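*Asks:* just the structure for this:
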Amino acid sequence: MFLLLSQTARMRAVAVLLLCSSVMAPSLAQTVPSPTVAAKSWVLLDATSNQVIASQEADMRVEPASLAKIMTAYVVAQALHDGRLTLDQQVMVSVNAWKIDPSSSKMFIEPNKPVSIKDLLHGLMIVSGNDAAIALAEAVSGTTDAFVAQMNAQAQRMGMTGTHYGNPDGLPSADTYTTSRDMSILARNVVRDFPEFYKIDSIKSFTYNKITQPNRNRLLWLDPSVDGMKTGHTSSAGYSLIASAARPNGTDGNRRLIAVVMGTNSDSQRTQEAQKLLNWGYQNFDTVKLYSANQVIAQPTVWKGAQSTVKVGFTQDVYATTPKGTVRKMKPVLDRTDPLIAPLAEHAKIGTLHLNVDDKPLLSLPVVTLETVGRASFFGRIWDSIRLMWNEKKK
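*Replies:* This is a model prediction of the structure:
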């Protein structure tokens, strides 16, 4: 592991790993054979590094079924965060919410009776209540159509390019579709942005109206590291599951993996295949912290500036996921934008570092300025212009 290298070796690696750009490799599984997964499509995402470890048909269009309720919960959580709703707020159940398809999953709210936002969120995420989804949509936006517009706006903001929502419950419709990759993006956003609401996913049962129902995520009973996320099923979509787990990662705290399994043949199969992916990911890959947010990793020369150098680094903590035993093989390839000429704004990108393992791309990191650099005086700019011209002639 990177963190197990000697202090000298680590400092050397940091010095080289330095001036960068940020995109991750599409998959790490080119170095480790992927498991066989009995599903239409699937993705295994390391949420700590935001790297896809492995996938199959990740961009295939599929039905989300009740996985759509994850976005419903996200929009509700945003409304709670913004103060447009409160957990204790009571809303009247509409006939529209109550009469949702009686054969579908429900929390059994009743028309024209008050129910709290807190209970509706529990009914949505624990027992997958379609009636709860409609009631929450109406509480946030007044109408389901207005709420669905917010769902699609959030999907667009997150970069979920293969997703569109036609309703807040995920029941089959021609304009409701997604991809495994998009579901992994959404799941990571939920854990990162609203951890307090994500905790609801780990509750194993919920009682409302004197009816107790279990959480449909069977991994909550089978794997103590799994603390969410959501199941989905319709006859046309098959059985799907997003399973999120956090296991210890050495000195770096917990490492979170998210397994998205879409379109299996049964409840037991989606549980088995998601568990298989999580175990495979933890057994075959390590995630290491390379840099801290705002850590100064270099101070390259600045031309025509009020100061001669600029502090550069990253705006976020930087983690990398690599096959076990390959951290020492990390090779950075620096592509820096030179010369750096003032003025430079804070967080301006100044280069790209491509990190490879065995000559295969692992990820790229954007290196940015951590401070503003103003322009030099008139004579300082003239002098640096002459020096730059001289340097160009020597090349």
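
*Asks:* starting at the chain centroid, how far to stretch 176-184?
*Replies:* For stretch 176-184, the gap between its own C-alpha mean and the chain's C-alpha mean amounts to 12 Å (C-alpha atoms, centre = their mean, to the nearest Å).

*Asks:* ignore what I typed, I meant stretch 209-228.
*Replies:* Its chain's C-alpha centre lies 22 Å from the corresponding centre of stretch 209-228 when counted by C-alpha atoms, centre = their mean.

*Asks:* correct me, but Pro361 touches His354?
*Replies:* Yes. Judged on C-beta atoms under 8 Å, Pro361 makes contact with His354 at a distance of 6.4 Å. Placement of C-beta: from N, CA and C, glycine included.

*Asks:* direction included, what does the helix or strand where Asn356 lies pair up with?
*Replies:* With secondary structure defined by DSSP states H and E, Asn356 is part of strand 349-357. Within its sheet, strand 349-357 is paired with strand 330-336 (antiparallel), strand 360-369 (antiparallel), according to DSSP bridges.

*Asks:* deepest of these, which one?
*Replies:* Between the strands paired with strand 349-357, the one whose residues have the most neighbours on average, counting mean count of other C-beta atoms under 10 Å, is strand 360-369 (a mean of 20).

*Asks:* next one: it to chain centre, how far?
*Replies:* Average the C-alpha atoms of strand 360-369, do the same for its chain, and the two points are 18 Å apart (C-alpha atoms, centre = their mean).

*Asks:* can you check stretch 39-47 too?
*Replies:* The chain centre lies 12 Å from the centre of stretch 39-47; the measure is C-alpha atoms, centre = their mean.

*Asks:* in the strand holding Asn356, what's buried?
*Replies:* By 16 or more other C-beta atoms under 10 Å, the buried positions in strand 349-357 come out as 350-357.

*Asks:* so what's the residue count around the residue lying closest to Phe194 once chain neighbours are set aside?
*Replies:* When the adjacent residues along the chain are set aside, Phe194 lies closest to Ala77, with 4.2 Å between them (C-beta to C-beta, 6 or more residues apart in numbering). The local packing count at Ala77 equals 19, with neighbours defined by other C-beta atoms under 10 Å.

*Asks:* average pLDDT for whichever helix or strand Ala77 is part of?
*Replies:* Using DSSP H and E, Ala77 sits in helix 68-81. Regarding helix 68-81, the rounded mean pLDDT is 98.

*Asks:* mind listing residues that contact that helix?
*Replies:* Residues from elsewhere that reach helix 68-81, judged by C-beta atoms under 8 Å, 6 or more residues apart in numbering: 85-87, 117, 121, 124-125, 128, 133, 136-137, 139-140, 147, 150-151, 154-155, 165, 167-170, 176, 178, 183, 186-187, 189-190, 193-194, 197, 200, 229-230, 232, 242.

*Asks:* in strands, which of these appear?
*Replies:* Secondary structure assignment by DSSP state E places 229-230, 232, 242 of these in strands.

*Asks:* pull out the buried members of those.
*Replies:* So, by 16+ other C-beta under 10 Å, the buried ones in the ones in strands among the contacts of helix 68-81 are 229-230, 232, 242.
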